[in-house]
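[1] Give me a 3D structure for the following:
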Amino acid sequence: MSDYLTVVYDDKRRPYTDYPSQFSQLLFQQYGMQPGQTLLEPGCGRGEMLKCFKALGLEVRGNDISPEASAFLPGIEVDTCDVEKDGLPYPDNSFDIVYSKSFLEHFYYPERYVKEALRVLKPGGLMLSLVPDWEANYRKYFDDYTHRTPFTAVSLRDIQLIHGFEDVRVIKLRQLPIVWRYPVLNHFCALLAPFVPLRAKSKLRWVREIMLIGSGRKPT
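    Presented below is the predicted three-dimensional model:
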């Protein structure tokens, strides 16, 4: 059986871009990250965001279910593990930040990951969880057959609150850097989105597709 990184993240299907660099800077600034903080990325895949967070001065570590992930990240420690089955292989209170993108929705029991993230965070530590917004993406959500649990803004908020996080917030994000700089363009995108083909291959797909960013902190 082929590894998911070989199939889903083939260079031709998912070419490398400067998007991770721009997005990591946005998160770094928006969530008050500081150089020297420790960051864990479960489900790190090719590690593009880890490399960018490291360039911003964070001490980073990753893990992934694929044993091939470490080959993409020379110089960064990457552990192979099945988080839903075995948990996170780190002591309590180990990290300042636990970050994941397009990860939580792949769990049958996402609460297992949320509990583990709370455990390995230091008191006051930040969990960031980015997932596709079900309301915006439901018509193509299961194009990825490994998607298990859809999330809305309400469910992403509640799973954090129920399992012990404080200062919980959920925002919606279009993955278009120009919209980050000029938020008023969100109104234009909302008008244009119904006319963008459902499975558009161009950058217009990001007009239609919306991510949720859930954030919460471990009680001090």
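
[2] Distance check, the residue lying farthest from the centre of the chain against residue 139.
    For the chain, the largest distance from the centre (Cα atoms, centre = their mean) belongs to residue 195, which lies 27.1 Å off. Distance, residue 195 to residue 139, by Cβ to Cβ, to the nearest Å: 14 Å. Every residue, glycine included, has its C-beta placed from N, CA and C.

[3] same check, this time on residue 164
    Going from residue 164 to residue 139 by Cβ to Cβ gives 34 Å.

[4] Tell me where the chain has strands.
    Here the chain has its strands, by DSSP state E, at 38-42, 59-64, 78-80, 95-101, 121-132, 166-174, 210-217.

[5] Low-confidence stretches in this protein?
    For the chain, residues meeting the criterion pLDDT under 70 lie at 1-14, 16.

[6] centroid residue for it?
    residue 101 (1.2 Å).

[7] residue contacts, the residue nearest to that residue when sequence neighbours are not counted?
    Excluding the flanking residues, the one nearest residue 101 by Cβ to Cβ, 6 or more residues apart in numbering is residue 130, at 4.1 Å. Residues in contact with residue 130 (Cβ atoms under 8 Å, 6 or more residues apart in numbering) are 100, 101, 102, 103, 173, 211, 212, 213, 214.

[8] and the last one, what does it touch?
    This means residue 214. Going by Cβ under 8 Å, 6+ apart, residue 214 touches 127, 128, 129, 130, 131, 156, 157, 160, 168, 169, 170.

[9] Recalculate using a threshold of 6 Å.
    129, 156, 160, 170 (Cβ atoms under 6 Å, 6 or more residues apart in numbering).

[10] Could you export those to a markdown table, including columns for distance to residue 109?
    Conversion of the contacts of residue 214 to a markdown table gives the following (distance: Cβ to Cβ, whole Å):
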| residue | distance to residue 109 |
| --- | --- |
| 129 | 15 |
| 156 | 15 |
| 160 | 15 |
| 170 | 20 |
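
[11] could the residues you listed go into TSV alongside neighbour count and distance to residue 59?
    Shown next, in TSV, are the contacts of residue 214 (neighbours: other Cβ atoms under 10 Å; distance: Cβ to Cβ, whole Å):
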residue	neighbour count	distance to residue 59
129	27	20
156	25	27
160	24	24
170	21	27
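
[12] Residue 192: neighbour count?
    By other Cβ atoms under 10 Å, 13 other residues sit near residue 192.

[13] quick one: it and residue 208 touch, right?
    No. When contacts are counted by Cβ atoms under 6 Å, residue 192 is not listed as touching residue 208 (8.4 Å).

[14] Which residue ranges of the chain form helices?
    Under the criterion DSSP state H, helices of the chain are mapped to 4-7, 19-30, 48-55, 83-86, 110-120, 134-137, 153-162, 177-181, 185-192, 205-208.
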